[in-house]
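>>> No sequence on hand, only this structure:
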């Protein structure tokens, strides 16, 4: 025991000698993300997870899943985990590549900037077309790699897409992050919904919203379609109001479906044959009938490659939805986009200043044993532009029955500008309170 303690202390001292904590760059219910720097000025990100207390104390299953997958996956467009360490206070620390910008921050920056035109209202500063194509191409490359390793991400959204803006060979590289909800799937597909809802609601596919219990990697493709629209228009395509979980862990999300139907039209069994077999199919009779309005909403010409790709990413029927491999070969990506999304970029993004935060102490944990994606058989090459139809199966034990909701909706990083504004607001409020208190004392 003394030997183990001595090794742990030595490891903690080594980390603290090598790295300096520059501060917290993001917080959430799961923990925080801090930026560290070594003597050569190379930065790393340390994602620190809080341990749960109570009857479910210990390491969240979502953390175990994320650690295992990220240590096994190896691709330029997947966030690389360099090490796993544990603090003296018991919190887990995941040491990753440092990416200052995520897609959510990038979109927010462009949305709040205006073009150099005297228009009323002012027009937002849209992303460069070369940049959009590069970002989408790199996301699809990362997702194609995941799907080829039998992994579904299940929570693709702008805040989970990181971009490296540091000068060097990796500049402009897009990385898919946050694998807390990711799952290894096998053929034939099995139930994957036993642990609660997946995918942030604005990016959730219609088959999930209609209660599908057997779904495919096609749900990641739908999320990418939503992200594609947002890159062009700087706003979510389907911004529905979420019905919060109560006694029902999977409440029916009527408003989100209504937002989808208003753009893509109300789905029919003719265009989506398996629609009538979905648990919430009967609910469709309560909706207003809509026609497809995607061309007008997207501002793309109907015969353009942009419109064709978006339409195929947002195909209602998951069996007909374009695959990641097919999307990479789409004419939209001809010529092939640069691996540096900033290559043709004219703007310089402002420096994000981290909030000061005490340095964490770290020790190496015991590594849990989970299935290795590389040890699984290679998935079949489908001849059609679809995943195989899913046949109903006998009840099987769920892949994991624990609820991953702790990490399901939290964002891995926050906009520091927003945090600073809130901090200043609180500061002004405190000063006003002190001033008022001082005035009262003088009167007395």
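Received it, and whenever you're ready, just let me know what you need. What you are looking at is a predicted structure, and each value in this text was computed from that prediction instead of being measured. Numbers count the residues shown, from 1 in each chain.
>>> For the stretch 101-250 of the chain, which residues score under the pLDDT cut-off?
Across the stretch 101-250 of the chain, the ranges flagged by pLDDT under 70 are 116-120, 187-199.
>>> swap in the stretch 301-444 of the chain?
Scanning the stretch 301-444 of the chain for pLDDT under 70 picks out the ranges 346-444.
>>> same thing but 90
Applying pLDDT under 90 to the stretch 301-444 of the chain flags residues 344-444.
>>> Quick one: end-to-end distance for stretch 242-254.
Taking CA to CA, to the nearest Å as the measure, stretch 242-254 stretches 9 Å from start to finish.
>>> what comes up buried for it?
252-254 (16 or more other CB atoms under 10 Å). In this view, the C-beta of every residue, glycine as well, is placed from N, C-alpha and C.
>>> Of these, which belong to helices?
Using DSSP state H, the subset of those located in helices is residue 254.
>>> between the buried residues of stretch 242-254, which is nearest residue 45?
residue 253 (32.7 Å; CB to CB).
>>> Take the buried residues of stretch 242-254 and lay them out in CSV including distance to residue 69 and pLDDT.
Below are the buried residues of stretch 242-254 laid out as CSV (distance: CB to CB, whole Å; pLDDT from 0 to 100):
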residue, distance to residue 69, pLDDT
252, 31, 87
253, 27, 90
254, 33, 90
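>>> Closest to residue 81 out of the buried residues of stretch 242-254?
Using CB to CB, residue 253 is the member of those that sits closest to residue 81, with 32.9 Å.
>>> That closest one contacts residue 201, doesn't it?
Yes. Taking CB atoms under 8 Å as the definition, residue 253 is a contact partner of residue 201 at 6.2 Å.
>>> who touches both of those two?
240, 242 (CB atoms under 8 Å, 6 or more residues apart in numbering).
>>> Pull the number of nearby residues for residue 94.
22 (other CB atoms under 10 Å).
>>> Nearest residue to it in space, please, no chain neighbours.
Among residues not flanking residue 94 along the chain, residue 47 sits closest, at 4.4 Å (CB to CB, 6 or more residues apart in numbering).
>>> The one you found bridge partners, please.
Here residue 47 sits in beta bridges with residue 33, residue 94, going by DSSP bridges.
>>> Hmm, it is touching residue 93, no?
Yes. Residue 47 lies in contact with residue 93 (CB under 8 Å); the separation is 7.0 Å.
>>> tell me the contacts of residue 37?
Applying CB under 8 Å, 6+ apart, the residues contacting residue 37 are 19-20, 22, 43-44.
>>> likewise residue 251?
Contacts for residue 251 (CB under 8 Å, 6+ apart) come out as 243-245.
>>> got the residue ranges for the helices in the stretch 151-300 of the chain?
For the stretch 151-300 of the chain, applying DSSP state H, counting those that start in this stretch gives helices covering 206-209, 218-233, 254-264, 294-298.
>>> what's the closest of those to residue 72?
Of all the helices of the stretch 151-300 of the chain, helix 218-233 comes closest under CB to CB, at 18.2 Å.
>>> ok, back up a step: in CSV, list the contacts of residue 251 along with distance to residue 70.
Output for the contacts of residue 251, formatted as CSV (distance: CB to CB, whole Å):
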residue, distance to residue 70
243, 32
244, 30
245, 27
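>>> Specify which member of the residues you listed is nearest to residue 265.
Nearest to residue 265 among those: residue 243, at 22.9 Å, using CB to CB.
>>> dump the residue contacts of that closest one.
By CB under 8 Å, 6+ apart, residue 243 lies in contact with 251-255.
>>> Next: residue 294.
263-264, 307, 310-311, 314.
>>> what's the pLDDT at it?
pLDDT, residue 294: 97.
>>> Distance of it relative to residue 262?
According to CB to CB, to the nearest Å, residue 294 stands 10 Å off from residue 262.
>>> now residue 225
Distance check for residue 225 against residue 262: by CB to CB, it reads 16 Å.
>>> which of those two has more neighbours?
More neighbours surround residue 225 than the other of residue 225 and residue 262, with 24 against 16 (other CB under 10 Å).
>>> right, and that one touches residue 316 too?
No. The pair residue 225 / residue 316 is not scored as a contact, 11.3 Å apart, by CB under 8 Å.
>>> For residue 292, give the beta-bridge partners.
Bridge pairing for residue 292 (DSSP bridges) gives the partners residue 264.
>>> Can you report how many residues lie near it?
By other CB under 10 Å, 14 other residues sit near residue 292.
>>> what does the one 10 residues further on give?
Here the count is done by other CB under 10 Å, and residue 302 has 10 residues near it.
>>> Enumerate every residue touching it.
residue 295.
>>> And for the one 5 residues further on?
In this structure, residue 307 makes contact with 294-295, 298, 300-301, judged by CB under 8 Å, 6+ apart.
>>> Out of the contacts of residue 243, name the two that are farthest from one another.
For those, the maximum inter-member distance is 11.0 Å, found between 251 and 255 (CB to CB).
>>> from what I can see residue 141 touches residue 77, true?
Yes. Judged on CB under 8 Å, residue 141 makes contact with residue 77 at a distance of 5.0 Å.
>>> Please identify the one among the buried residues of stretch 242-254 that lies nearest to residue 287.
Residue 287 lies nearest to residue 254 out of the buried residues of stretch 242-254, by CB to CB, at 7.9 Å.
>>> ok, now which ones touch the closest one?
The contact partners of residue 254, taken as CB under 8 Å, 6+ apart, are 243, 283, 286-287.
>>> so can I have JSON lines of the buried residues of stretch 242-254 showing distance to residue 67?
Formatted as JSON lines, the buried residues of stretch 242-254 follow (distance: CB to CB, whole Å):
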{"residue": "252", "distance to residue 67": "34"}
{"residue": "253", "distance to residue 67": "30"}
{"residue": "254", "distance to residue 67": "37"}
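>>> quick one: which of the buried residues of stretch 242-254 is nearest residue 60?
Nearest to residue 60 among these is residue 253, at 24.8 Å by CB to CB.
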